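K.L.:
Sequence first, then the predicted structure, then my questions.
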Amino acid sequence: MDDPDEYDEVDEDDGEEHPEPEVTIEVSGLSLFTHVGVTAAEREVGQRLLLDLRIDVGECDATVTDRIEDTVDYAQVCDTVNLVAQQRSYKTLERLCAAIADRLIEQYEVGAVWVKAAKPEPPMALPVSEVSVEVWREAE
């Protein structure tokens with residue numbers, strides 16, 4: 001039986017230069033319970049947020065090696081996002097999204113990060129299905 005950690009390199013030496021593919025990782029609908037809100041009551045009680053993430057990894061060896069060590073592990077990304085959301089309470093989704101984007105850029109070698117946070121049940125007088133904020137941050 002073949003070792004699942006071994007990989008077969010594809011011999012693409014046909015004499016032509018092939019550009020390396022650009023990799024983008026997306027996570028949709030990450031559900032977290034956290035304490036975000038303008039009012040003290042909203043921050044005290046807490047609420048569920050849905051987060052969407054897009055991470056521009058750029059060129060990535062995993063396209064050839066098929067090894068998780070050669071890319072950004074999206075399970076670790078989700079753990080990092082959860083940690084940032086739990087470390088403190090935020091008044092605005094804008095600040096939470098910016099803190100998440102900053103941490104992901106610090107922790108991983110990526111070109112850019114897009115974070116969207118949505119409140120599916122915002123405490124508002126008028127009915128809405130959700131409110132959301134998006135932040136886009138490029139690495140320096």
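P.N.:
Noted; the coordinates are in hand.

K.L.:
which stretches of this structure have low pLDDT?
P.N.:
Applying pLDDT under 70 to the chain flags residues 1-18.

K.L.:
Tell me which residues touch the residue nearest to the spatial centre of the chain, please.
P.N.:
In the chain, the residue lying closest to the centroid (Cα atoms, centre = their mean) is Leu53, at 3.5 Å. Residues counted as contacts of Leu53 (Cβ atoms under 8 Å, 6 or more residues apart in numbering) are Ile25, Glu26, Val27, Leu30, Val77, Val81, Ile100, Leu104, Val113, Trp114, Val115, Lys116. Bear in mind the C-beta positions are built from the backbone N, C-alpha and C, glycine included.

K.L.:
what about burial for those residues, which qualify?
P.N.:
Ile25, Val27, Leu30, Val77, Val81, Ile100, Leu104, Val113, Trp114, Val115, Lys116 (16 or more other Cβ atoms under 10 Å).

K.L.:
doesn't Ala139 make contact with Asn110?
P.N.:
Quick fix: residue 110 is Val, not Asn. Yes - the pair Val110 / Ala139 is scored as a contact, 6.2 Å apart, by Cβ atoms under 8 Å.

K.L.:
So for the two, which residue has more residues nearby?
P.N.:
In this view Val110 and Ala139 are compared by other Cβ atoms under 10 Å, and Val110 has more residues nearby, 21 against 15.

K.L.:
before we move on, the earlier item: between the buried ones among the contacts of Leu53, which is nearest Ser132?
P.N.:
Of all the buried ones among the contacts of Leu53, the one sitting nearest Ser132 is Lys116; the distance, using Cβ to Cβ, is 5.7 Å.

K.L.:
Secondary structure element holding the closest one?
P.N.:
strand 112-119 (DSSP states H and E).

K.L.:
Leu50 too?
P.N.:
Using DSSP H and E, Leu50 falls within strand 47-59.
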